[in-house]
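> My questions are about this predicted structure, shown below with the sequence.
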Amino acid sequence: MSYTEDLAKQRIEILMEKAEEIFDEDPERSHRYARLAWRIKLKTRVKFPKKWKRRFCRKCKIFLVPNKTCRIRLNNSKVTITCLNCGKIKRIPI
């Protein structure tokens, strides 16, 4: 792994942690941090950390928080995550 990839992963991790911490105080800033993390991922071509993949809407680029910005349901051995901002549905097999 190169220095650039390592640095990008660290920055993504920091931004997503900050987005989680600040969401209750300022949701817009939290969404901005998530968008910045996504742009870093695109520019450096690194994989988004698995821990944060499901906390981010790939359509409208907002930070997903259960019961506030997304709805989570269990349906027929699948987890369904629905973004309440854009309506994007993500289905994950159990």
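Done, it's in.
> From residue 36, how far off is the spatially most central residue of the chain?
For the chain, the residue nearest the mean C-alpha position is residue 56 (2.2 Å; C-alpha atoms, centre = their mean). Distance of residue 56 to residue 36, computed by C-beta to C-beta, to the nearest Å: 12 Å. C-beta here means a position set from N, CA and C on the backbone, and glycine is covered the same way.
> same question, residue 76
Residue 76 is 36 Å from residue 36, by C-beta to C-beta.
> For these two, indicate the residue with more neighbours.
Between residue 76 and residue 36, counting by other C-beta atoms under 10 Å, residue 36 is the more crowded of the two (17 against 8).
> Which phi and psi values does the more buried one adopt?
The phi and psi values for residue 36, taken as degrees, to the nearest 10, are phi -60, psi -40.
> Find me the pLDDT at it, would you?
Per-residue confidence (pLDDT) for residue 36: 95.
> my guess is it meets residue 15, correct?
Yes. Between residue 36 and residue 15 a contact is recorded at 5.5 Å, counting by C-beta atoms under 8 Å.
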